[in-house]
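In: For reference, the sequence and a predicted model appear below.
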Amino acid sequence: MSTLQSLTTGAEVGAVLPLLTAVVQRPAWPAKWKKIVAVVAALIAGVAAVAADGGLDQFQHGKLTAATLLGVLAAAQTSYDLLWKPSKLAPMIEALTTKKTPQQAE
């Protein structure tokens, strides 16, 4: 696998990751916690992408692993800021997956 392939894989995974992260996040959370969840999710997704694309042996190639991880993180943040947040889709998913208290249901 080349560096370009690693970045491409990272970008593909990162582009849809904010929608998956929105399922876990809650609208009432502080921005700091949302950022922490987003970064941790990107790192986990990056490791999964490396393992899925090149198998466990792929982790021996530090530069390619780092390129994939950084690609996922950059694409996730960029796609959220430029696409998913302005379209209101990610915030809508957050709201839909948040359990309502009895007071909110009224």
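Out: Great, that's in hand.
In: Spatially central, which residue of this structure would that be?
Out: Among the residues of the chain, Leu17 comes closest to the average C-alpha position under Cα atoms, centre = their mean, at 3.4 Å.
In: wait, doesn't that residue sit right on Leu43?
Out: No - the criterion here is Cβ atoms under 8 Å, and Leu17 misses it with Leu43 at 10.7 Å. (Glycine included, C-beta is placed from N, CA and C.)
In: Return every residue with contacts to both of the two.
Out: Residues within reach of Leu17 and of Leu43 at once, by Cβ atoms under 8 Å, 6 or more residues apart in numbering, are Val72.
In: Name all residues that make contact with the nearest residue to Thr21 once chain neighbours are set aside.
Out: Spatial nearest neighbour of Thr21, excluding adjacent residues (Cβ to Cβ, 6 or more residues apart in numbering): Ala41 at 4.8 Å. By Cβ under 8 Å, 6+ apart, the contact list for Ala41 reads Leu17, Leu20, Thr21, Val24, Ala76.
In: can you tell me which residues contact the residue nearest to the centre of the chain?
Out: Residues in contact with Leu17 (Cβ under 8 Å, 6+ apart) are Ala41, Ala42, Ala45, Val72, Ala75, Ala76, Ser79.
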